[in-house]
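# what follows is a predicted protein model with its sequence.
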Amino acid sequence: MYDVIDDQNDESGTVSGCGPLLSTDAPEAKPLRQQVFEHVRATGRAARTDVTRALNISAGSATTLTADLILAGLLREVEGLPRESGRGRPPVALEVVPEARYVIGIKLSAETHSAVLSNFAGLPVADATLPSTAGRKSLDTLLEEIDVLIDLALKKAGKALPDISAVGIGIPGIVDHDTGTVTWSPFLKDTEVDLRGAFVARFGVPVYLDNDTNVLSLAELWFGAGRSISDFAVVTIENGVGMGLVLDNRLFRGARGMGLELGHTKVQLDGALCRCGQRGCLEAYLADYALAREAATALDRNPRTAQSPYVMLDALFEQAKSGNEAARTIFRRAGRYLSLGLSNVIQLFDPGLIILSGERMQYDFLYSDEVLSEMAKLTLSDGRTPCKVEVHAWGGMIWARGATALALAAVTDSALGDTRA
């Protein structure tokens, strides 16, 4: 019922092009010039005849628009497309000029920050990681860490900050994408933090923020399994439980840009205490800190003894694999709550695919056949084909690469979205 994909068989970097391969039915169509550019970038290389067919425009329009994009230094002509027959010259293809723009994508977390510097074709140029300081931190401390991380990526790429057109940042918590405000994050001391304003004041570069699960969903939409799927959901299990949703090939954020907090949906009235301060959240039964809380009892550890929850969870997993019934019960219970959460996602949105991701996907008890069977039983399927589930155990870099998609989309809109054909 599910497929498991990890960093070792990640094909996101080998597939030609980047960005959604399917068009959207959104009424606010993008300028035709931008549609041409994004089609070429999505396919990697495209002949003008391919552009005319894909966008249903005339050959003359394709020639005019592509000439304009070439003159602007955004597209270039290359040879190398295979001939449709054995005769004649190989057709001239178009591709994005990679060095036309550069962006940086950043994934912030409580343990490790990751960054990817990407060119305008969406290809990674350099990456960097930096340990995150422990505990809740101030905005100034966070900006210091971001500064060091960006500097590492720039030095690896041989670039300077003025070379960067925009930065995308994914951060756990509740993020207002439109204003760049972090309403709440588990590792920030303050609430209602104007991260966008503080970032621009310090670096002088446009920045675009989103919840980290949203940027992971963008990674799937731009580089992964979601490129050719119109509707899919991403559910992450790490220090929290997150969800991203793509509908009609577009990331769905809700009316205020802060929707889809799956981890804070209620699964038990007056239930376990969540780190958000409320009780009965799904996250309180499934996230790292919730499992570590249970592990201390199962492993007979003093809960007051300082120990990384990740060390505790690894020990709990080993015990479960060895047959420790108490440890197995903890994972089994967490799996049932995951089944409940996934069934609600299916019932509400009917996605074509659910992608399970995050560091906790190494614990296969959370996506066993029993878990997925329970999910199916809790869903009103009416005999239809069950929702497909895949497990993508990506590392931090794919999250950062999703943040590059956030920046690339904004830079593309800025460069091409103001000219209507």
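Arrived safely.

# and the pLDDT for the residue nearest to Lys30 when sequence neighbours are not counted?
Closest residue to Lys30 in three dimensions, ignoring its sequence neighbours and counting by Cβ to Cβ, 6 or more residues apart in numbering: Gly417, at 6.6 Å. (Each C-beta comes from the backbone N, C-alpha and C, glycine too.) Reported pLDDT at Gly417 in the predicted model: 78.

# do the one 4 residues further on as well
With respect to pLDDT, Ala421 scores 36.

# which residue is nearest the centroid of the chain?
Leu216 (0.9 Å; Cα atoms, centre = their mean).

# that residue contacts Ala400, correct?
No. If you go by Cβ atoms under 8 Å, Leu216 and Ala400 don't touch, sitting 9.8 Å apart.

# return every residue with contacts to both of the two.
Both Leu216 and Ala400 are contacted by Gly170, under the criterion Cβ atoms under 8 Å, 6 or more residues apart in numbering.

# okay, now the unreliable bits of the protein?
Where the chain drops to pLDDT under 70, the residues are 1-15, 25-28, 80-90, 256-259, 301-308, 360, 362, 365-367, 418-421.

# please name every helix or strand in contact with the lengthiest helix in it.
For the chain, the helix reaching the highest residue count under DSSP state H is reported as helix 325-349. The criterion is 3 or more Cβ pairs under 8 Å, 6 or more residues apart in numbering; DSSP states H and E, and the helices and strands that helix 325-349 contacts are strand 232-237, strand 241-247, helix 283-286, helix 288-298, helix 309-321, strand 353-357, helix 369-377.

# what lies in contact with the fifth one?
Yep, that's helix 309-321 we're talking about. Contacts to helix 309-321, defined as Cβ under 8 Å, 6+ apart, come from residues 111, 288-289, 291-292, 294-296, 298-299, 301, 326-328, 330-331, 360, 362-363, 365.

# re the thing from before, of all the helices and strands packed on helix 325-349, which one is nearest Pro162?
strand 241-247 (32.1 Å; Cβ to Cβ).

# that closest one versus helix 325-349: what angle between them?
Following axes from the mean of the first three to the mean of the last three Cα atoms, to 10 degrees, one obtains 30 degrees for the angle between strand 241-247 and helix 325-349.

# the next helix or strand along the chain from strand 241-247: which residues count as buried?
Of the helices and strands lying after strand 241-247 in sequence (DSSP states H and E), the nearest is strand 250-252. Judged by neighbour count using 16 or more other Cβ atoms under 10 Å, the buried positions of strand 250-252 are Leu251, Phe252.

# which neighbouring elements make contact with strand 250-252?
For strand 250-252, the elements it packs on are helix 212-223, strand 241-247, judged by 3+ Cβ pairs under 8 Å, 6+ apart.

# wait, Arg196 touches Thr181, no?
Yes. Because the distance of 7.2 Å satisfies Cβ under 8 Å, Arg196 is recorded as touching Thr181.

# is it true that Val389 lies in a helix?
No. The assignment for Val389 is strand, going by DSSP: H, G, I helix; E, B strand; the rest coil, so no helix is present there.
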